[in-house]
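Asks: Got a predicted model here, sequence first, then my questions.
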Amino acid sequence: MHRLTLCEMARLVASRQVSSRELVEAHLRQIERVDPSIHAFTTVLAEEALAAEPQPGPLGGVPVTVKDMFDVAGARTLAGSPMRLSSAVALTDCTAVGHLRRAGAIILGKTNVPELVSSYETDNHVTGRTSNPANAEFTAGGSSGGEAAAIASFCSPGGLGSDGGGSIRVPAHFCGIVGFKPTHRRIGGSGMWPPFLAPSGLLTAPGPMARTVADVQLLYRVLSAPDPLDSLWVPAAECPPPPRRIGVMRQFYKTPVHDSIAAAVEAASRRLAGLGYEVEEFTPIGLERAPNVWAFFFADLSANRRLLAGHESEAHWTATEFLRDAPWPAADAIQDRFEERENLRRAAIEQMRSYAAILMPPCSVPAFRHRERRYPVGGQTISQFAAMTCATLWNLLGFPALVMPFGKTSEGLPVGVQLAALPFQDEALLALGRELEG
């Protein structure tokens, strides 16, 4: 029962073929069996989930999980940080969790993150390390690594993550599930810790994760309801139907890609051509500096740097690797980078107008071994920063991007592909993902 898709579970509960309690109990048994070896959860809300009386709705009676940076009433929001150990439990749900409950979902538990959700590896001093369900010697990714591992191991059918530099899409790729980063601020960010603050907050989007694109599509529709506490939340825009044309971006400029990922992109391009799409090569012009500008906002100018100030000696290495010890940038440098970001967005929009989506790798490597930070790819050794440029590009631009499983490495590790589209083409992009999924 716990291996059904989220949509199948919702249909069975709605038709009274399965009870919500049966679903919760099945998932709790799976958590008990599996989680000691992967450590995806920080909190399992067993009693609350078993006692819950869900509202009717599109998720009626389905258990879901939540990344441990979103407030869930009655649970602590730790975000992997010792600074949060003395914090009182959340008194209220964040808006996104409230949307899930009003749609009938049952919150099963909270899932692990790196400290301050600032790493591609989920590991911290407070709640420990999360491992990849496919092979415990490898990471599940980060920062939504616990969420990806819980879903991939059938401990959860789907849930809520966030993506500031690939934090949904990279774990989805590493663990073999589907992850969606929507257009920036389509899903509101109130009730998160660390807070959804500029400038790094300009890069971050809450988003759904599940095992199928259809499940992610259902979660997205629930989660993208209005957030009255987020002043930057934006409603869906009316967009004309996108053209049936796909651009294939095989790597980010000269950064090489692992053979298994290149093969997945090629296989996906052939499938899209078979579906009647016009598929052609796409090389962006003038976007080379996008990852560097992302790093400026995410690390050099990150609000998390100030949160960490005075706690450096207590901090886990996964936080400090991103939050660089560099002088706070001068005002002129900050203004220059904001202007550069807008110029890059305009250039990307202009170049992508004639495409339904860009097909590309999620990043340059499959799941890496714990604490590994340099990777042999294509006869080179590349840094983690370089390996993630296919992901961070879309955070800087604020465009929607979808990652879905599309094969495995020779070691049996999952491999995904990524589709990205223009802002507010979220539903069209998810529909394309369902076509590609078959």
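Replies: Great, that's in hand. Residues are numbered from 1 along each chain as shown.

Asks: Every contact and neighbour count from this point should use C-alpha atoms.
Replies: Will do.

Asks: which residues are contacting the helix or strand harbouring residue 25?
Replies: Assigning secondary structure by DSSP states H and E places residue 25 in helix 20-38. Identification of contacts with helix 20-38 by Cα atoms under 8 Å, 6 or more residues apart in numbering yields 1-2, 9, 13, 41, 46, 49-50, 61-63, 108, 130-133, 136, 149-150, 153-156.

Asks: go with 7 Å
Replies: Applying Cα atoms under 7 Å, 6 or more residues apart in numbering, the contact partners of helix 20-38 are 1-2, 13, 49-50, 61-63, 130-133, 136, 155-156.

Asks: repeat for stretch 69-88
Replies: 68, 89-94, 97, 113-117, 124, 126-127, 191-194.

Asks: so residue 147 sits in a helix?
Replies: Yes: with DSSP: H, G, I helix; E, B strand; the rest coil as the criterion, residue 147 is part of a helix.

Asks: And the pLDDT for the nearest residue to it once chain neighbours are set aside?
Replies: Of all residues not flanking residue 147 in the chain, residue 111 sits nearest, at 5.3 Å (Cα to Cα, 6 or more residues apart in numbering). Looking at residue 111, its pLDDT stands at 98.

Asks: Residue 111: neighbouring residues, count only.
Replies: 29 (other Cα atoms under 10 Å).

Asks: if we can go back for a sec, which ones among the contacts of stretch 69-88 lie within helices?
Replies: Among these, the residues falling in helices (DSSP state H) are residue 97.

Asks: what sits against the residue positioned nearest the centre of the chain?
Replies: For the chain, the residue nearest the mean C-alpha position is residue 168 (1.2 Å; Cα atoms, centre = their mean). The contact partners of residue 168, taken as Cα under 7 Å, 6+ apart, are 144, 161-162, 179-181.

Asks: and the longest helix anywhere in the chain, what does it pack onto?
Replies: When the chain is parsed with DSSP H, its longest helix is helix 331-352. With contacts taken as 3 or more Cα pairs under 7 Å, 6 or more residues apart in numbering; DSSP states H and E, helix 331-352 sits against no other helix or strand.

Asks: Tell me how far the closest residue in space to residue 213 that isn't next to it in sequence lies from residue 391.
Replies: Spatial nearest neighbour of residue 213, excluding adjacent residues (Cα to Cα, 6+ apart): residue 434 at 5.7 Å. Separation of residue 434 from residue 391 (Cα to Cα, to the nearest Å) stands at 21 Å.

Asks: the more surrounded of these two?
Replies: Counting neighbours by other Cα under 10 Å for residue 434 and for residue 391 shows that residue 391 has the greater number, 28 against 16.

Asks: any idea which element that one lies in?
Replies: With DSSP H and E as criterion, residue 391 is part of helix 389-397.

Asks: tell me the mean pLDDT over that helix?
Replies: 98.

Asks: Low-confidence stretches in this protein?
Replies: Filtered on pLDDT under 70, the chain yields the residue ranges 310, 312-313, 324-326.

Asks: picking that back up, need the residues that contact the longest helix of the chain.
Replies: 287, 293, 397, 422.

Asks: how about a cut-off of 8 Å?
Replies: Contacts for helix 331-352 (Cα under 8 Å, 6+ apart): 284-287, 290, 293, 296, 358, 396-397, 421-422.

Asks: which of the contacts of stretch 69-88 are buried?
Replies: 68, 89-90, 93-94, 97, 113-117, 124, 126-127, 191-194 (16 or more other Cα atoms under 10 Å).

Asks: nearest spatial neighbour of residue 179, skipping sequence neighbours?
Replies: residue 209 (4.5 Å).

Asks: Tell me who's in contact with that neighbour.
Replies: Taking Cα under 8 Å, 6+ apart, we find residue 209 in contact with 147-148, 151, 158-161, 168, 172, 177-180, 216.

Asks: thinking again about what came up before, which secondary structure elements does the next helix or strand after the longest helix of the chain contact?
Replies: Toward the C-terminus, helix 331-352 is succeeded by strand 357-360 as the next helix or strand (DSSP H and E). If contacts are counted by 3 or more Cα pairs under 8 Å, 6 or more residues apart in numbering; DSSP states H and E, strand 357-360 sits against strand 245-248, helix 259-274, strand 414-420.

Asks: what's the offset of strand 357-360 from the middle of its chain?
Replies: Computed by Cα atoms, centre = their mean, to the nearest Å, the chain-centroid distance of strand 357-360 equals 17 Å.

Asks: ok, residues contacting that strand?
Replies: Taking Cα under 8 Å, 6+ apart as the rule, strand 357-360 contacts 245-251, 265, 269, 282, 352, 390, 417-422, 429.

Asks: thinking again about what came up before, go through the longest helix of the chain and flag the buried ones.
Replies: Quick answer for helix 331-352 (16+ other Cα under 10 Å): 334, 337, 341, 344-345, 348, 352.

Asks: need those in CSV with distance to residue 380, can you?
Replies: Shown next, in CSV, are those (distance: Cα to Cα, whole Å):
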residue, distance to residue 380
334, 33
337, 30
341, 29
344, 28
345, 30
348, 28
352, 30
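
Asks: Alright, calling it a day.
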